[in-house]
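Novice: Below are the sequence and a predicted model for it; my questions follow.
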Amino acid sequence: MNKSELNSILNKVAAGDMTVEEATLAIKTQPYEDLGFAKIDHHRGIRQGASEVIYGAGKTKKQILKIIESMLNHGEKSVLITKLSNESAEYLSQSVPLFYDELSKIAVAGERAVAVNAGGKIVVAAAGTSDLPVAEEAALTAEFYGNMVVRLYDVGVAGVHRLLDHLSELTEAKVIIAVAGMEGALPSVIGGLVDCPVLAVPTSVGYGANFGGISALLSMLNSCASGVSVVNIDNGFGAGYLADMINKI
């Protein structure tokens, strides 16, 4: 149940088309559905403004399908799945309409959202080509929630002129997602150029001393540029979701 459905129930009660008891029953039966292996939170859209997202890693393809079917049967038009394997995507596509991006492992079951200019543009800047799986996870997540996304890829500090060539796109953004591995310097550089929030995403890209993204994470946490906040290593989804919330304020 989303906010519009809840409003519809309340309006029916106000108009006399539904009794208080009927409305109470409709709302009470919605909080979650117990599938045994998962409890599907059907009220998340009311509480948070966005429905539950399926984390695909570690779940079997049959479990994912049952969760999707539960959500679609409870009124969701589309369901976002992250970290979905190619094998699971192929299996799901036989039962539900599915968009799948092999690079980012992002999938959308049901309808795909149409991007609208919801307050401003979100820029996703990636330092290198190796960072694109995480960058695309962030970009596709933001697009799933209806945002206009501008992609600036391979604009890392090793050739900072590539970034500066896109200064107009950066300064026009409502929020910027900066994705980088190695030493993780890109968010600091961007943070010193713009007046909007910068969401830094460290990636696990790098040589041994990168420690699987920890060096980039620590660099971003210690950024001297104001207005830079950091999400977890390789968490493109978290950055895309937060960027959507900021953009719609």
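Specialist: Sure, I can see it.
Novice: Could you look up the SS state of residue 151?
Specialist: strand (DSSP: H, G, I helix; E, B strand; the rest coil).
Novice: tell me which element the closest residue to it other than its chain neighbours falls in.
Specialist: The shortest distance from residue 151 to any non-neighbouring residue, by CB to CB, 6 or more residues apart in numbering, is to residue 124 (5.4 Å). C-beta here means a position set from N, CA and C on the backbone, and glycine is covered the same way. Assessed by DSSP states H and E, residue 124 sits inside strand 121-126.
Novice: Residues touching that strand, excluding its own?
Specialist: With CB atoms under 8 Å, 6 or more residues apart in numbering as the test, strand 121-126 has contacts from 132, 134-135, 138-139, 142, 147-156, 163, 166, 169-170, 172-180, 186, 190, 240, 243-244, 247.
Novice: and the residues you listed, which of them are in helices?
Specialist: Judged by DSSP state H, the subset of those located in helices is 132, 134-135, 138-139, 142, 163, 169-170, 186, 190, 240, 243-244, 247.
Novice: Of the residues you listed, grab the buried ones for ChimeraX.
Specialist: Selection of buried members from the ones in helices among the contacts of strand 121-126 for ChimeraX, criterion 16 or more other CB atoms under 10 Å:
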select :132,134,135,138,139,142,163,170,186,190,240,243,244,247
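Novice: for the ones in helices among the contacts of strand 121-126, which one is nearest residue 85?
Specialist: residue 134 (16.6 Å; CB to CB).
Novice: Nearest spatial neighbour of that closest one, chain-adjacent residues omitted?
Specialist: The shortest distance from residue 134 to any non-neighbouring residue, by CB to CB, 6+ apart, is to residue 236 (4.2 Å).
Novice: show me what contacts that neighbour?
Specialist: Contacts of residue 236 (CB under 8 Å, 6+ apart): 104, 133-139, 141, 177, 179, 201.
Novice: how about the strands in this structure?
Specialist: 32-34, 39-41, 54-55, 78-82, 98-101, 106-110, 121-126, 148-153, 175-180, 198-202, 228-230 (DSSP state E).
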